[in-house]
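In: What follows is a predicted protein model with its sequence.
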Amino acid sequence: MKTALSNLEIKEFELSEISKNIGMGIDNSGLVVYDSLKYDSEAFRNKPFRSEHFSIIFVLTGTLDLKVNLLKYGLNKNGVIIIPPSAIRQFSWENENTHFISLLFTSSFLKVSGILGKYFNVANFLREGIASYRNMEENDRELVLKMISIITEIQDRNDRQETHSEIIKNIFKSILLEVKPYYDEMETDQDYSNTLIYRFIHLLSEFYLSSREVTFYSEKLSINEKYLSQLLKRKTGKTARQFITEMVVLEAKVLLDNKALPVKQISDHLNFENQFHFSRFFKQYSGLSPNNYRKQ
């Protein structure tokens, strides 16, 4: 495989596109409230995609199956998860049984909200690069939902925009402060093996294009290669090699969903020697050739 990365521009599923595709029109405020029962979801449901926005998801009823950078989560009632920017995410749920509400916001909105100054520690859990799942007390969740409903009510109005913008920022800060206690103890997982897994996934999301040998990651983690794979297998059911392969396949699917990108460009970006090797690899691990995947 090549060592030099391509300068391929990867299409991101930006917040303005998401708000348009779910039927909200184009939103440029940097904060979108998504309600799974209110808005269309077919643009991203069951499809892996990447975006540069943060997501905080609150589950009200049913089960939301979520995959973030290869880690799987099953969120039930009162579950809350925070997804960082650039993570590849994939959602799956049953419309009639599952209801969830998401706060989608950009890094710029997070900065202008003012929470990164006075409440700097509140934002620490948003910058770790790993999706973080917790269960909230029902009364705390209900309070958060009331605040979110006020934001949506204000966003539906067109008057006093400057004043309302400031109100929304303050309510947004209040929501993060309400969620904060559930993440105060996250800096180090009490289970050291879980901490190693999080560190491995973080490294993998950073280096998988250039480094696909298990030895590279075990050395970064200062542990034995065999121990890393055994740990991952025991905790997740997959070896380190499987995680690396799945990350490349997932990235390939995200790129192939952008039909404006030629397969050769995608092959180069993913550091394959040539298009043939990429196609063979993709078919081996996905069951479809790149072109057939696009047709499907």
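Out: Looks like it arrived, so ask away. Numbers count the residues shown, from 1 in each chain.
In: Tell me which stretches of the stretch 101-250 of the chain form helices.
Out: All helices of the stretch 101-250 of the chain, identified by DSSP state H, counting those that start in this stretch, fall at 107-112, 138-155, 161-179, 192-207, 214-221, 225-236, 240-256.
In: What are the contacting residues of the longest one?
Out: Residues from elsewhere that reach helix 161-179, judged by Cβ atoms under 8 Å, 6 or more residues apart in numbering: 29, 31, 56, 80, 82, 103, 105, 109, 112-115, 119, 122-123, 136, 140, 143-144, 147-148, 150-151, 154-155, 157. For glycine as for every other residue, the C-beta is placed from the backbone atoms N, C-alpha and C.
In: how distant is that helix from the center of its chain?
Out: Here the centre of helix 161-179 is set off from its chain's centre by 23 Å, with Cα atoms, centre = their mean, to the nearest Å.
In: Dump it to CSV, keeping only the CA atoms.
Out: C-alpha atoms of helix 161-179 as CSV (Å, rounded to 0.1, in the frame of the first residue of the first chain):
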residue,chain,number,x,y,z
GLN,A,161,-34.0,37.3,16.2
GLU,A,162,-31.0,38.8,18.0
THR,A,163,-32.7,38.6,21.4
HIS,A,164,-34.0,35.1,20.7
SER,A,165,-30.6,34.0,19.6
GLU,A,166,-29.1,34.9,23.0
ILE,A,167,-32.0,33.1,24.8
ILE,A,168,-31.3,30.0,22.8
LYS,A,169,-27.6,30.1,23.6
ASN,A,170,-28.4,30.3,27.3
ILE,A,171,-30.9,27.5,27.2
PHE,A,172,-28.3,25.4,25.3
LYS,A,173,-25.8,26.1,28.1
SER,A,174,-28.4,25.0,30.7
ILE,A,175,-28.9,21.7,28.9
LEU,A,176,-25.2,21.0,28.9
LEU,A,177,-25.0,21.9,32.6
GLU,A,178,-27.9,19.5,33.3
VAL,A,179,-26.1,16.7,31.3
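In: Pull out the buried residues from that helix.
Out: Across helix 161-179, burial judged by 16 or more other Cβ atoms under 10 Å covers 164, 168, 169, 171, 172, 173, 175, 176, 179.
In: Can you give me the domain boundaries for this protein?
Out: Listed domain ranges for the chain are 15-183, 192-295 (source: automatic domain parsing).
In: Make a markdown table out of those and add mean pLDDT.
Out: Putting the domains of the chain into a markdown table (pLDDT from 0 to 100) gives the following:
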| stretch | mean pLDDT |
| --- | --- |
| domain 15-183 | 81 |
| domain 192-295 | 87 |
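In: For residue 213, see how far away the nearest residue to residue 199 once chain neighbours are set aside is.
Out: In space, and not counting its chain neighbours, residue 199 is closest to residue 221: 6.0 Å by Cβ to Cβ, 6 or more residues apart in numbering. Going from residue 221 to residue 213 by Cβ to Cβ, to the nearest Å gives 13 Å.
In: These two: who's more crowded?
Out: residue 221 (17 against 12; other Cβ atoms under 10 Å).
In: Wait, the more buried one touches residue 202, no?
Out: No: if you go by Cβ atoms under 8 Å, residue 221 and residue 202 don't touch, sitting 10.3 Å apart.
In: Do a quick rundown of the strands in the stretch 1-150 of the chain.
Out: Using DSSP state E, counting those that start in this stretch, the strands of the stretch 1-150 of the chain run over 31-35, 49-50, 54-61, 64-68, 71-75, 79-83, 88-92, 99-105, 132-135.
In: Contact partners for residue 36?
Out: Residue 36 sits next to 93, 95, 98, 99, 100, 101, 102 when contact means Cβ under 8 Å, 6+ apart.
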